[in-house]
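Chemist: Predicted model and sequence follow; I will ask about them next.
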Amino acid sequence: MATVAMHESSFNEIIEENKLVIIDFWAEWCGPCRAYAPVFEGVSEEFPDVVFAKVDTEAEQALAGTFGIRSIPTTVAFKDGIGVFMQPGALPEDALRDLIGRLQSLDMDEVHAELEAQEAEESS
């Protein structure tokens with residue numbers, strides 16, 4: 001699957017309707033973003049069951065602000081509607097492939113248990 005443009009208006013739908021979503025926050029003027037784009041696009045072709053979305057931080061400033069994006073490119077991942085990864089900087093191709101493999105095998109029951117424990121701790 002090729003990458004898809006993500007907008008504030010389509011964010012919830014893309015996250016909720018797909019098991020695994022990898023997002024690249026980028027801008028046209030950003031040299032490292034332009035270098036990362038073909039890596040992100042190339043790896044997206046290898047994982048047709050994963051949605052690779054791109055957010056133009058210039059056009060989608062509110063969405064970038066929601067994530068506190070201060071450095072681009074930044075890669076963010078959602079699995080089963082939960083944010084499970086966020087890292088600024090361009091990922092090397094092998095690292096991006098490895099990340100996707102780790103996310104695909106991530107036990108979401110453990111993630112839910114950790115979130116519940118954090119919420120319980122914060123409310124006490």
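Modeler: Okay, I see it. Numbers count the residues shown, from 1 in each chain.
Chemist: mind checking pLDDT for Asp123?
Modeler: Residue 123: Ser, not Asp. Ser123 carries a pLDDT value of 82.
Chemist: Neighbours of it, how many?
Modeler: 6 (other CB atoms under 10 Å). The C-beta positions use only the backbone N, C-alpha and C, and glycine is treated the same way.
Chemist: same deal with His7?
Modeler: Neighbour tally, His7, other CB under 10 Å: 14.
Chemist: where's it relative to Phe52, distance?
Modeler: 15 Å (CB to CB, to the nearest Å).
Chemist: what about the protein, any weak spots by pLDDT?
Modeler: For the chain, applying pLDDT under 70 flags the ranges 1.
Chemist: All the helices of it, residue numbers only.
Modeler: For the chain, the helices defined by DSSP state H cover 8-17, 31-46, 61-66, 93-104, 108-123.
Chemist: Report all helices and strands that the fourth one contacts.
Modeler: Right, the one you point to is helix 93-104. For helix 93-104, the elements it packs on are strand 20-26, helix 31-46, strand 74-79, strand 82-88, judged by 3 or more CB pairs under 8 Å, 6 or more residues apart in numbering; DSSP states H and E.
Chemist: Single out the most deeply packed of the ones you listed.
Modeler: Stretch with highest mean neighbour count among the helices and strands packed on helix 93-104: strand 20-26 (a mean of 24; mean count of other CB atoms under 10 Å).
Chemist: Adjacent strands (with direction) for that one?
Modeler: Here strand 20-26 is paired, per DSSP bridges, with strand 51-56 (parallel), strand 74-79 (antiparallel).
Chemist: Present those strands as a markdown table; the columns should include distance to Leu103.
Modeler: Converted to a markdown table, those look like this (distance: least, CB to CB, whole Å):
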| stretch | distance to Leu103 |
| --- | --- |
| strand 51-56 | 12 |
| strand 74-79 | 6 |
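Chemist: Gly68: neighbour count?
Modeler: 8.
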